[in-house]
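Peer 1: Got a sequence here, can you build the structure:
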Amino acid sequence: MTRFGVIQDYIGRDGRSKTLTFLVELLNRRGIVPTILTFSGPADAADFRSIARSELELDLVTLPPTRIHLGHVYNQLRLPFLVRDRLEAFDIVFACDTGVYGYPGPLELIRFVCFPIEQVPRYEERYRRLPYRVWGMGLGLVQRRLRRRSSFHGTWIAISEFTREAMLETYPLSRDQIAVLYPPASTDHVVPSMARERAVVSLARFNEDKHQLEQIELARSFPDIPFYLAGSTRFSGYYERCREAAAALENVELLPNIDSHRVETLLQRAKVFLHTKRYEHFGMSTVEAVTRGCIPVVHDSGGQREVVPFPELRFATLEEASKLLARALDGQFDHLLPELQAHVRRFGADEFCRQLDSLLDGVLGRPGSATS
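Peer 2: Prediction:
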């Protein structure tokens, strides 16, 4: 049996984890039980299993995370070095959104990149202020040093064209060395345009980069419109800030860690889906909101441009976002929904599984693999 290792810094209810459930499912169908090496423990693993379409067979190895401030990106960077001595136990390793340095050359490696860590300080606003600015400068120095001693072998996958462009700027790779494999959004249940509640829904983990505080501020301008803000609370400090900000607004409801059934109900009920992250790497939640019949209002950057091809639905400033919300709530963009829903079918789970299954066929069939 093929010994298959998966490396991801944490697992839970987020989009990266949902993508990983599909990989595990495909491997299980081949009779492969992967080992997941992660900083997450049993509670996170239970959340991870809860978002899967079927029962998953996997082995979990929990690694000790750092507890320093700003440790999330640092953990991603150090993860390949932390597991390096364990990798000889595997025939193939699937490295999901980790640092790309530190992997031994002979390893059969699939690198699934949500976004290059090196580019994070450039695209996330928090790195423009202290202490993040200092951290970002240090991160760059460390990675330039590591780069000189690293191999760029293996199969490279980007989750969007936006991510692939960032990878081409960062690594010594050519375009044809990087495949684009969009994450598996749920597009099988298309809900047509219908009478809906004049309400706004958002779906993203509560995190500074997702800008839920801005969504709450926008809600002040629409006192008669319900705003439903749903997401996981892995970054609980930011969630508390959102809870305090929303406390004085009767039209804002925070919905932490709700189950998939409740999410489905929200997306099928609300008129507008709002997403405020700048330079979103892809936008799985936007795809699923469009499929369920929501009109998307998203930031004009990153992978959201690939998901929402109509510029009139994208904003650059909060003032523009407010104007778009008003128009969307009044139904002025309803005529775009059929074409939007047809467009996002390309991001569905079936297409993801087809492409990933084909990729696994190629990797597992190479000379030297356990199944070749």
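Peer 1: residue ranges for the strands of the stretch 151-300 of the chain, please.
Peer 2: 155-158, 178-180, 197-203, 227-231, 252-256, 270-275, 295-299 (DSSP state E, counting those that start in this stretch).
Peer 1: between those strands, which one is nearest to S322?
Peer 2: strand 295-299 (9.7 Å; Cβ to Cβ). Every residue, glycine included, has its C-beta placed from N, CA and C.
Peer 1: packing partners for the next helix or strand after the closest one?
Peer 2: Proceeding N to C from strand 295-299, the next assigned helix or strand is helix 304-307, under DSSP states H and E. Contacts defined by 3 or more Cβ pairs under 8 Å, 6 or more residues apart in numbering; DSSP states H and E place helix 304-307 against helix 161-170, helix 284-291, strand 295-299.
Peer 1: domains for the protein, by residue range?
Peer 2: 4-184+349-364, 197-347 (automatic domain parsing).
Peer 1: and those domains, which one's lowest on average pLDDT?
Peer 2: Sorting these by mean pLDDT places domain 4-184+349-364 lowest, at a mean of 91.
Peer 1: got the angle for the helix or strand where N28 lies vs helix 284-291?
Peer 2: Using DSSP H and E, N28 sits in helix 15-29. Taking axes from the mean of the first three to the mean of the last three Cα atoms, to 10 degrees, one finds helix 15-29 and helix 284-291 inclined to each other by 80 degrees.
Peer 1: returning to that earlier point: got CSV for the helices and strands packed on helix 304-307, with mean neighbour count too?
Peer 2: Below are those laid out as CSV (neighbours: other Cβ atoms under 10 Å):
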stretch, mean neighbour count
helix 161-170, 19
helix 284-291, 26
strand 295-299, 27
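Peer 1: As TSV, these with distance to D357 would be great.
Peer 2: Formatted as TSV, these follow (distance: least, Cβ to Cβ, whole Å):
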stretch	distance to D357
helix 161-170	21
helix 284-291	19
strand 295-299	29
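Peer 1: Please state the offset of the helix or strand following the helix holding N28 from the chain centre?
Peer 2: Per DSSP H and E, the first helix or strand lying C-terminal to helix 15-29 is strand 35-38. Put simply, strand 35-38 sits 18 Å off its chain's centre (Cα atoms, centre = their mean, to the nearest Å).
Peer 1: thinking again about what came up before, for the domains of the chain, which one sits closest to V190?
Peer 2: Once these are compared by Cβ to Cβ, domain 197-347 is nearest, at 5.5 Å.
Peer 1: sorry, back to before: can I get the strands of the stretch 151-300 of the chain in CSV including distance to C242?
Peer 2: Output for those, formatted as CSV (distance: least, Cβ to Cβ, whole Å):
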stretch, distance to C242
strand 155-158, 31
strand 178-180, 33
strand 197-203, 11
strand 227-231, 7
strand 252-256, 6
strand 270-275, 14
strand 295-299, 18
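Peer 1: For E320, which of the ones you listed is the nearest?
Peer 2: strand 295-299 (9.4 Å).
Peer 1: so what strands line up beside the closest one?
Peer 2: Applying DSSP bridges, strand 295-299 is found paired with strand 270-275 (parallel), strand 314-315 (parallel).
Peer 1: Which parts of the stretch 1-150 of the chain are helices?
Peer 2: Using DSSP state H, counting those that start in this stretch, the helices of the stretch 1-150 of the chain run over 15-29, 42-50, 71-82, 120-123, 132-147.
Peer 1: Could you provide those helices in TSV, with additional columns for mean neighbour count?
Peer 2: What follows is those, written out as TSV (neighbours: other Cβ under 10 Å):
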stretch	mean neighbour count
helix 15-29	20
helix 42-50	15
helix 71-82	19
helix 120-123	18
helix 132-147	15
